[in-house]
Structure formats: C-alpha cells, structure tokens
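J.: Pasted the sequence and its predicted model underneath.
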Amino acid sequence: MNIGGMEISGDAIWLIFGVLLLITEMIAPGAYLMFLGGAAILTGLLSFALPIPIILQFLLFAAASVASVYVAKRWFDVYPILSSAPLLNARVAQMIGQTVEVVEPIDGGSGRVKVGDSVWSANGPDAEIGTRMKIVGAEGNRLAVEPIDALPKSDTT
C-alpha cells in the first residue's frame, strides 16, 4: 500500500493500528482498547512472519480481539481495578454516617433533614425540629436516619 509516497506493507499497517489503539487507551482509558491493540499487533507480527492473505488477517484480528477481550473480562472479574475513591460518584453512599439536623419534623416516619447546605427528605423515627440524627442508609434519594445514641454516663462519683 502506498501512503504519502511511502510503500507500507499490510503487516506494518497492523502494527501501526495496534500502537494507535494503545495510545488511544492512554488518552481515554477504558481498559479494552489495549486488548484490541494487542490483537492488532499480534496480527501484524504473524502476518510479517507468515504469508497470510488479507482476509485471514482480518479473521485473525477478529478472533484475537474476541479472545483477548474475553480473557480481560474474566481477569477483571477476578482481579478488579480498585479505586482510591470508590464512592466518588455515589453521593448518598458518601453521606452514610454523617450527622444531620431535622429541619421539618419527622412525623409518621417521614420528614426533612439538613445535610451540609441542602435539605433532603428522610425516613426515620419521629423527631422534632433541631434533633440531631445520623444517616444510616438511603432508598433512592430519601435518606434513612436514626437518633444519635447518647454518650454513656460516666461512673464518677
């Protein structure tokens, strides 16, 4: 194949394509483009070493891509990539354990609490305005709260 006045072989195109996929993986990480890049590089190396017709090169690339993505999927199921901030996009999960203040009385199990600078709907035992509660969970965007346990009394006499 002639590109820009240079003669480039099919195996070199596979290698270039593989490297471009690896670079794309570094720019936009998703963990699977690197396996497709590896399949393209494997196809390029095999087509360089063996006289493989172009249609078989495409079939080899397809098979290597499917196999590498399957192996990667199985690998990441067993050894998941751990995040340093697993709750980054789970705002409600980040709030569990926080202390909040009741701003609309919790009556009949439902009321509103102040979390930081916002007010959220809450479920929990009846409580008056100003009562401090602890977030223990959530259902959708409704927080589950419970009273903060009082500190045990000291036995100093």
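T.: Sure thing, it's come through. Note that this is a predicted model, so its numbers are computed, not measured.

J.: From one end of stretch 109-125 to the other, what's the distance?
T.: End-to-end distance of stretch 109-125: 5 Å, with Cα to Cα, to the nearest Å as the criterion.

J.: what about residue 47, distance to residue 108?
T.: Using Cβ to Cβ, to the nearest Å, residue 47 is found at 72 Å from residue 108. Yep, even glycine has a C-beta here, placed from its N, CA and C like the rest.

J.: helices or strands next to the helix or strand containing residue 34 in the packing?
T.: Secondary structure assigned from DSSP states H and E places residue 34 in helix 33-49. Packing partners of helix 33-49 (3 or more Cβ pairs under 8 Å, 6 or more residues apart in numbering; DSSP states H and E): helix 10-27, helix 54-78.

J.: Could you dump these into CSV with distance to residue 93 added?
T.: Below are the helices and strands packed on helix 33-49 laid out as CSV (distance: least, Cβ to Cβ, whole Å):
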stretch, distance to residue 93
helix 10-27, 29
helix 54-78, 22
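
J.: doesn't residue 134 fall inside a helix?
T.: No. Residue 134 is assigned strand when assessed by DSSP: H, G, I helix; E, B strand; the rest coil, not a helix.

J.: Sweet, I'm off.
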